[in-house]
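Chemist: Generate a structure from the sequence data that follows.
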Amino acid sequence: MRRRVAEARVARLATVGPRGGPHLVPFCFVLEGDEVLSAVDAKPKAGRRLQRLENVRANPAVSVLVDHYEEDWSALWWVRLDGRAEVVEAGARADRALDLLAGKYEQYRAERPAGPVLSIRVERWAGWAP
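Modeler: Here you go, the predicted structure:
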């Protein structure tokens, strides 16, 4: 399952919103061991102070859902990663995450994200595959 997660291009990030409800967004990521890394990039957004980052600052509990769909249902799978997230503004940890993301995504090699970086320490893996 780790290989499938690592090879996936887009996942969904669930954070706890300011009113206690879920806040769910798709995001690009890289998996390194039991850490999921993502960065604020140049895709159209209202700014760099994203709701997901504010949610993590207030409550670091998050879930990440990575899934794969095909018409051939014998190829379906999903993995949910539950953990604690941290916003990393700059420094060696952020630089390392940006290097890993650039290694996975051609778009990040062409236009390196400005950050900040979101680091998720995975505490629980759950999933399904046929």
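Chemist: Give me the local confidence score for the residue of the chain positioned farthest from its centre.
Modeler: Each residue of the chain has a distance to the centre, and by Cα atoms, centre = their mean the biggest one is for residue 72: 26.6 Å. Looking at residue 72, its pLDDT stands at 94.
Chemist: repeat for residue 59
Modeler: With respect to pLDDT, residue 59 scores 98.
Chemist: pretty sure it contacts residue 15?
Modeler: Yes - using Cβ atoms under 8 Å, residue 59 is in contact with residue 15, at 7.3 Å. (C-beta placed from N, C-alpha, C; glycine too.)
Chemist: With neighbour numbers in mind, choose between the two.
Modeler: Comparing residue 59 with residue 15 by other Cβ atoms under 10 Å, the one with more neighbours is residue 15, at 24 against 15.
Chemist: still on that earlier bit, quick check: the gap between the residue farthest from the centre of the chain and residue 94.
Modeler: Distance, residue 72 to residue 94, using Cβ to Cβ, to the nearest Å: 40 Å.
Chemist: tell me the contacts of residue 65?
Modeler: If you count contacts by Cβ atoms under 8 Å, 6 or more residues apart in numbering, residue 65 has them with 11, 12, 14, 78, 79, 80, 81.
Chemist: what's the closest non-adjacent residue to the first one?
Modeler: Think residue 11. residue 66 (4.4 Å; Cβ to Cβ, 6 or more residues apart in numbering).
Chemist: Since that was my last question, I'll sign off now.
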